[in-house]
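J.: below are the sequence and a predicted model; questions follow.
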Amino acid sequence: MRAVRFHDHGGPEQLMVEDVDRPTPGDGEVLVKVRAAAVNPVDTYFREGSYRPGGLPWVPGSDAAGVVTAVADDVTDYDPGDRVFATALGNDHQGTCAEYVAVPTDRLARLPDRVGFAAGAAGALVGVTAWQALIAQCGLEPGERVLVHGGSGGVGHVAVQVAHAAGARVTTTASPEYHGDLRDLGADDVLDYRRDDLADAIREAGQPDVVLDHRLDDYLGLDCEVAAFRGRIAAIGNTDAAATFPDVPAHRGKALTVHHVSMFNTPDVARVLQRLAALMDRGALAPQVARTYDLDEVSEAQEAVVEDSFLGKLVVEP
Ligand SMILES: NC(=O)c1ccc[n+]([C@@H]2O[C@H](COP(=O)([O-])OP(=O)(O)OC[C@H]3O[C@@H](n4cnc5c(N)ncnc54)[C@H](OP(=O)(O)O)[C@@H]3O)[C@@H](O)[C@H]2O)c1
């Protein structure tokens, strides 16, 4: 089969399309013919070596959607022909930028018939992350106000939809070109993150009970400033560990809590994927595909995911 692999850590030029053996599903695994694989910033961390993958050479890619073509003897809940989507690969398991991938069934769920493969892949890692952040960790409840920073990105645009589906009122920040799209996806208040009076504008929309922050170095201080009493902050990424424990009086005075969320430490990925599938099936979650790429364009896609601005996700179609 054709697969993208890197043999050494480094820049996008390390990514090569190669002919390799088709994987054989091990115990508890199914073999999936990949129809779509999403591109995430974390793919670049594994390629660069700031996160260490399971070995080298390595196939990048956390997310896949496709069709089951074979199942291990001990797998009883999936059959060849099932449409599925998966995430949490490309870490300790070879990734998804390939024609086939072996997937443990605890990282897999059925993809509803009405959902295309590209949308399924696009919603996997970011959907699990948004669900863990807003629902599982921060316990977002109907009627609460949520603030999603960077609502047009992969995590952001899915978080806006998950929060809206949960009955929350949603404030999000984004570049002006995406404001209309984000209102269509369920945001109540959309603010340009570049405005000087951002904190005032967020408070005016309504003090957030829950904040989803993937730029802690920029915003943790602001989060503490604007959050409601007993606000919960979902911290899904930061480059400065000290930023997660700020000495901000508001942090103590308002009894705020910071929840550290990582997609890779989600206890039951398959269960969260099932919930996302249910949302997609009833049209409450529609992951957006900004662009698609061929397998031999994965280096271009990995550059774009950290450098370009787009609404939703970049997707590889092998
Ligand atoms: N912990 C986890 O499990 C986990 C899971 C997923 C992602 N992450 C991390 O979360 C981050 C976002 O991931 P992603 O997939 O959503 O990336 P993405 O698709 O590239 O989205 C990034 C978003 O941030 C916005 N942005 C840029 N500068 C901003 C600013 N100053 N203020 C507010 N928003 C700004 C971008 O808007 P423009 O288009 O206007 O630039 C874009 O909407 C990455 O660092 C990723 O590694 C962590």
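T.: Thanks, I have it.

J.: got a list of what the closest residue to the ligand within the chain touches?
T.: Nearest to the ligand, among the residues of the chain, is residue 153, at 2.0 Å (Cβ to the nearest ligand atom). C-beta coordinates here come from the backbone N, C-alpha and C atoms, glycine included. In this structure, residue 153 makes contact with residue 214, judged by Cβ atoms under 8 Å, 6 or more residues apart in numbering.

J.: return the residues of the stretch 101-250 of the chain in contact with the ligand.
T.: 126, 129, 149-150, 152-156, 173, 175, 193, 214-215, 218, 236-237 (Cβ under 6 Å from any ligand atom).

J.: if we go to 5 Å?
T.: 129, 149, 150, 152, 153, 154, 155, 175, 193, 214, 236, 237 (Cβ under 5 Å from any ligand atom).

J.: isn't there a helix covering the last one?
T.: No - remark: residue 237 does not belong to a helix; assigned using DSSP: H, G, I helix; E, B strand; the rest coil, it is coil.

J.: quick thing: my sequence starts at 56, can you match it?
T.: In the new numbering, first residue 56, that becomes residue 292.

J.: just checking, it touches residue 272?
T.: No - counting by Cβ atoms under 8 Å, residue 292 stays clear of residue 272, with 9.5 Å between them.

J.: wait, doesn't residue 153 sit right on residue 58?
T.: Yes - when contacts are counted by Cβ under 8 Å, residue 153 is listed as touching residue 58 (3.5 Å).

J.: what's the overlap in contacts for those two?
T.: 75, 114, 350.

J.: now these in TSV, with distance to the ligand, neighbour count and secondary structure?
T.: Listed next are the shared contacts of residue 153 and residue 58 as TSV, based on distance: Cβ to the nearest ligand atom, whole Å; neighbours: other Cβ atoms under 10 Å; DSSP: H, G, I helix; E, B strand; the rest coil:
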residue	distance to the ligand	neighbour count	secondary structure
75	27	17	coil
114	19	24	coil
350	21	19	helix
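
J.: mind giving me the domain split of the protein?
T.: 57-178+342-371, 181-319 (automatic domain parsing).

J.: can you list those in CSV and add mean pLDDT?
T.: As requested, the domains of the chain are arranged in CSV below (pLDDT from 0 to 100):
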stretch, mean pLDDT
domain 57-178+342-371, 97
domain 181-319, 92
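
J.: so what's the most centrally placed residue in the chain up against?
T.: Centre of the chain computed as the mean C-alpha position; nearest residue by Cα atoms, centre = their mean is residue 181, 1.4 Å away. By Cβ under 8 Å, 6+ apart, the residues touching residue 181 are 93, 95, 209, 210, 212, 213, 214, 342, 368.

J.: filter these down to just the ones in helices.
T.: Using DSSP state H, 209, 210, 212, 213, 214 are the members of these that sit in helices.

J.: so who does the nearest residue to the third one once chain neighbours are set aside touch?
T.: In other words, residue 212. Using Cβ to Cβ, 6 or more residues apart in numbering and skipping the chain neighbours, the partner closest in space to residue 212 is residue 367 (5.4 Å). When contacts are counted by Cβ under 8 Å, 6+ apart, residue 367 touches 177, 207, 209, 212, 342, 343, 344, 345.

J.: what would those look like in CSV with distance to residue 360 and neighbour count?
T.: Shown next, in CSV, are those (distance: Cβ to Cβ, whole Å; neighbours: other Cβ atoms under 10 Å):
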residue, distance to residue 360, neighbour count
177, 12, 32
207, 13, 26
209, 8, 30
212, 14, 33
342, 15, 25
343, 14, 19
344, 13, 22
345, 10, 19
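
J.: format those as CSV; extra columns: distance to residue 335.
T.: Listed next are the contacts of residue 367 as CSV, based on distance: Cβ to Cβ, whole Å:
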residue, distance to residue 335
177, 10
207, 19
209, 15
212, 14
342, 8
343, 12
344, 13
345, 18
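
J.: this protein: helices as residue ranges?
T.: 96-103, 172-177, 179-186, 209-220, 234-239, 253-260, 271-281, 304-308, 324-336, 353-362.

J.: what residues are up against the closest residue in space to residue 318 that isn't next to it in sequence?
T.: Closest residue to residue 318 apart from its sequence neighbours, by Cβ to Cβ, 6+ apart: residue 184 at 4.6 Å. By Cβ under 8 Å, 6+ apart, residue 184 lies in contact with 210, 291, 316, 318.

J.: just checking: what are the partner strands of the strand with the most length in the chain?
T.: As assigned by DSSP state E, the longest strand anywhere in the chain is strand 84-94. When pairing is defined by DSSP bridges, strand 84-94 lines up against strand 119-126 (antiparallel), strand 155-159 (antiparallel), strand 368-371 (antiparallel).

J.: deepest of those strands, which one?
T.: strand 368-371 (a mean of 27; mean count of other Cβ atoms under 10 Å).

J.: what's the spacing between residue 131 and residue 164?
T.: 16 Å (Cβ to Cβ, to the nearest Å).

J.: neighbour count winner among the two?
T.: More neighbours surround residue 164 than the other of residue 131 and residue 164, with 23 against 8 (other Cβ atoms under 10 Å).
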